[in-house]
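>>> sequence unavailable; structure follows:
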């Protein structure tokens, strides 16, 4: 469930966002969630359960890998990082996504021709 | 991944426990997770991940200003339905595990395997030595298992074989005979309440006529229920039943081998000529179902009672039965023994009717072989253990040498259990390689030995290296690999932590020395146990062969001839003018003349029973001696028999021209019989009657025989059986004993080679209708000790192999120690130690280890050799000579094994002490 004022996340984009988040380094699940919230200025609503399902899905596809480690406060947590395959996936899909977003944006920016 | 917290358990486990955990870790790292453990671990991890997330979010919310309980509630809310999250995460984790963990495990193993192969290529000597060691161990163990499996473990090839039993007659003294009389068996068959059915079997032989000459076939006459009781699989045709057995129909069932080889595999029914009469073969039993063993033809047997006095004692047949479902052999034994008691009430002379032993058919068939086979398997397993320990020792030594490699890999991030897993993988691969070679060895051994052992090993034809045996072999390989790999893996585990920081030389700590020495000592101990066992068997063989047989088999050939053709049939058993009887005498006289005329022949004789063959014995009556139930061996012979066999004449004479069919009945007795019935007095002139052998149906009509001579005793049944009282009648005087004779021919041992063929031709030329079996008496006597020789050679070879392996161990240990201590030796040399001193030191070091192993081995041998007790003759299971000789052999061999490393140590240049500062 997401906050009331947040935008619903488009299907399929969560995986990409997670890969992006991990491209900056190893993070645990909450770390990814808060990274997404911060970067989107709180406008992206990340459903926590959806986040974990996505993480495990990515792990099963070997796009990310996980290990147990410790947080700054010494709490045991599961840390995720990109695999080589995950990096490749991120590059490819980000590219596709950008081109897609561009064309959608371009279409939306069109104004009806007058006259 | 395993929980890393477990290794740093703060409760501080004691060293032993920690060591065990490490070993377990090493073992587990080489195996995929067990399903239940994995599921539990996944559940825990999902739970922990969710908890961590909620806690972290609550912390953040709290820092943002929310009160703690509200922060926690909000964090929970944002996670959504907890149970749903748990379920989906656990499920996806399981799916991930399935693909990911197995593939990472396989990946790790693939790395291990490729590393192993690379190492194997780099050190072919070690790989060959290790694989060869294992191949020997696994080979002998697999071969032994194949034999045990084929003979002992496999069920008999009949439906519900556990219900099949043999019925044995028991005497007052408790002696059980695998035999029964027709009359007693009929009482059992009619009176029992515990058998579904029972059949009587009577072994014999018949002349089988075919083109190219007659042969003798082994037959068994079976009563009507036989095929109902046994239910063997029929390859072709059908068995016969009650009606055909009772009417003695001219039919037969034959073995698959007989049908195929002797008959040429014709369609059924087919007619054969058996005992010079036509007979219809109506069925072929499937291969492997031949029972009793060795029979080729099954004939109908009416199994009628004789119904005369004494008939209960004519135990010339065997009985087989099928227990009713749910009845134990003990219950059947009680039931039948009650019948036996009632027989004795009616006939107090029935000496074989004191009780009935009901013996499971498999035990009856396998007999004593079972114990020996288990012993053999045990000895083979010991050899495998030595091989295993040897490999473990080599592995430990190498893991120490490789400590630097492991230290580097460890520093590069390899985990300890991965290194241990690598070692295990190496040994598993070695185990598989050794096993592949070993299974070939086993196959060769089984293929080569089956024919050799068939004469004394029951069910030998069922021994094969098949899928079952190969499965055992595979299990042995894996077990060996794990066992041999566990120690080096564990050793690496314990040594690593201390080693990583250090580098360079000095890697051989005291730990390796102790572990290695322990392993070598264990090998020596096991080898010594096997050596002592083999030594005891050989000493027994020696003792047995020392014994006097009472005859000289060297250069003697035996031709068994039966006058089966109709021309030789007797009209009555007593009439000496019977034309059949006259033809018989004429035949034997001309056979003796022809045989005597063969080149190189020194003596010829005839006998109805020969040592190594069938022995007849029966009740006798000695004149003036009131002992109604006295027995003696009985043979019908001619005068030449004693000279041909080399049996000395001690008193009086044997048979000669004075004796003929019509003259006074005469008899020769052996020394034991003379002593038993006449004591110190001379038996010459004494009189004796052979009641059951000459006139069983009417004892009063048996003729009195006058003793004319005494001959030496002869061992009839083998080196391990004593001679017994025997009497020899003149065969021409006993019409009923002239139908079958053994022609005994003594030739010069050097020129006896062609005699067998010449004898065969002589018999064939005299009457082509008759069959003859020619054999060398020397070979038949040799068969008495075949089993003993075979067992001795086998155990001796196993001992030899294990000793060789142990010596490789000694050599390896010392060579390694010398290699590691080159620096120290150099220092000592520099300080003035002589070469002799260094050599003595190294050899002494080896001898100490071997001596310690020998002490343990001797102690173990005193216990282990008890298993051999029943096979020992004139030697105790703790025979000091054998123990001393085996120990001396091991010590002497150890000195030899230590010589090369000692020589190398002596050649260490003192300058290494200067140039190679540690």
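Thanks, I have it. Quick caveat, the model's predicted, so the values are computed rather than measured.

>>> contact residues of chain A facing chain B?
Proximity of chain A to chain B (CB under 8 Å from any CB of the partner chain) is limited to residues A:1, A:28-31, A:33-34, A:47-49, A:52-53, A:56-57, A:59-60, A:62, A:67-68, A:71, A:73, A:75-78. In this view, the C-beta of every residue, glycine as well, is placed from N, C-alpha and C.

>>> let's see which of these end up in strands.
Secondary structure from DSSP state E places A:28, A:67, A:68, A:76, A:77, A:78 of the residues of chain A next to chain B in strands.

>>> now which of those would you call buried?
With burial judged by 16 or more other CB atoms under 10 Å in any protein chain shown, the buried subset of these is A:28, A:68, A:77, A:78.

>>> make TSV out of those residues and add pLDDT.
Written out in TSV, the entries for those read as follows (pLDDT from 0 to 100):
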residue	pLDDT
A:28	89
A:68	86
A:77	87
A:78	89
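
>>> interface residues of chain B facing chain A?
When proximity is defined as CB under 8 Å from any CB, chain B approaches chain A at B:1, B:4, B:45, B:48-50, B:52-53, B:55-57, B:59-60, B:77-81, B:84-85, B:88-89, B:92-93, B:95-96, B:99-100.

>>> for ChimeraX, what selects the buried ones among those residues?
The buried subset of the residues of chain B next to chain A, as determined by 16+ other CB under 10 Å, is captured in ChimeraX by this line:
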select /B:45,49,50,52,53,55,56,57,59,60,78,79,85,88,89,92,93,96,100
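
>>> the longest helix in chain A is where?
Of all segments of type helix in chain A, defined using DSSP state H, the longest is helix A:84-109.

>>> quick one: contacts for residue 84?
Let's take chain A. For residue A:84, the set of contacting residues under the criterion of CB atoms under 8 Å, 6 or more residues apart in numbering or on different chains is empty.

>>> correction: the question concerned chain B.
residue A:49.

>>> which helix or strand lies directly C-terminal to the strand or helix carrying it?
Applying DSSP states H and E as the criterion places residue B:84 in helix B:82-122. Past helix B:82-122, further along toward the C-terminus, the next helix or strand under DSSP H and E is helix B:124-148.

>>> would you pull up how far that next one lies from the middle of the chain?
Here helix B:124-148 shows a centroid-to-chain-centroid distance of 19 Å under the convention CA atoms, centre = their mean, to the nearest Å.

>>> give me the mean pLDDT for whichever helix or strand comes after that helix.
As assigned by DSSP H and E, the chain's next helix or strand after helix B:124-148 is strand B:164-170. In this model, strand B:164-170 has a mean pLDDT of 96.

>>> buried residues in whichever strand or helix holds residue B:235?
Element membership for residue B:235 (DSSP H and E) is strand B:234-237. Applying a neighbour-count criterion of 16+ other CB under 10 Å, the buried positions in strand B:234-237 are B:234, B:235, B:236, B:237.

>>> now for that strand, which elements pack on it?
The contact analysis (3 or more CB pairs under 8 Å, 6 or more residues apart in numbering or on different chains; DSSP states H and E) places strand B:234-237 against strand B:277-285.

>>> and the strand it packs on, what other elements does it pack with?
Helices and strands touching strand B:277-285, as assessed by 3+ CB pairs under 8 Å, 6+ apart, comprise strand B:234-237, strand B:251-255, strand B:270-274.

>>> after the first one, heading C-terminal, what element do we hit next?
When you say that, I think you mean strand B:234-237. helix B:242-246.

>>> so where's chain B shaky on pLDDT?
Within chain B, the stretches with pLDDT under 70 are B:1-37, B:96-109, B:120, B:399-406, B:408-419, B:491-513, B:573-574, B:628-629, B:912-918.

>>> secondary structure element for the residue positioned nearest the centre of it?
Within chain B, the residue whose C-alpha comes closest to the C-alpha centroid is residue B:373; the distance, by CA atoms, centre = their mean, is 3.0 Å. Assigned by DSSP H and E, residue B:373 belongs to helix B:369-401.

>>> likewise for residue B:619?
Using DSSP H and E, residue B:619 sits in strand B:616-622.

>>> can you give the strand pairings for that strand, parallel or anti for each?
Partner strands and pairing direction for strand B:616-622 (DSSP bridges) are strand B:630-637 (antiparallel), strand B:687-690 (antiparallel).

>>> packing partners of the next helix or strand after the first one?
On the C-terminal side of strand B:630-637, the nearest following helix or strand under DSSP H and E is helix B:641-645. Taking 3+ CB pairs under 8 Å, 6+ apart as contact, the helices and strands that helix B:641-645 lies on are strand B:601-607, strand B:740-747.

>>> check which residues of the last one are buried.
Taking 16+ other CB under 10 Å as the neighbour-count basis, strand B:740-747 is seen to contain the buried residues B:741, B:742, B:743, B:744, B:745, B:746, B:747.

>>> can you list contacts of it?
For strand B:740-747, contacts defined as CB under 8 Å, 6+ apart pick out B:555-563, B:588, B:591-592, B:595, B:598, B:600-610, B:613, B:636, B:640-641, B:643-646, B:731, B:755, B:759, B:777.

>>> try it again with 7 Å
Where contact means CB atoms under 7 Å, 6 or more residues apart in numbering or on different chains, the residues beyond strand B:740-747 that reach it are B:555-562, B:588, B:591, B:595, B:600-608, B:610, B:613, B:641, B:644-645, B:731, B:755, B:759.

>>> equivalent analysis for the first one, please.
Among residues not part of strand B:601-607, those counted as contacts by CB under 7 Å, 6+ apart are B:588, B:592, B:595-596, B:635, B:637-638, B:640-641, B:643-645, B:731, B:741-748.

>>> SS state for the residue most central in space within chain A?
Per CA atoms, centre = their mean, the C-alpha nearest to the average position across chain A is that of residue A:17, at 1.6 Å. Secondary structure of residue A:17, reduced to three states by DSSP: H, G, I helix; E, B strand; the rest coil: helix.

>>> on the three-state scheme, the residue nearest to it when sequence neighbours are not counted is what?
Leaving aside its chain neighbours, residue A:17 sits nearest to residue A:36 (5.8 Å; criterion: CB to CB, 6 or more residues apart in numbering or on different chains). Secondary structure state of residue A:36, per three-state DSSP, is helix.

>>> who are the packing partners of whatever helix or strand residue B:320 lives in?
Assigned by DSSP H and E, residue B:320 belongs to strand B:318-323. Here strand B:318-323 is seen to pack against strand B:164-170, strand B:195-209, helix B:226-230 when contacts are counted using 3 or more CB pairs under 7 Å, 6 or more residues apart in numbering or on different chains; DSSP states H and E.

>>> in TSV: the ones you listed, plus distance to residue B:367.
Listed next are the helices and strands packed on strand B:318-323 as TSV, based on distance: least, CB to CB, whole Å:
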stretch	distance to residue B:367
strand B:164-170	11
strand B:195-209	16
helix B:226-230	19
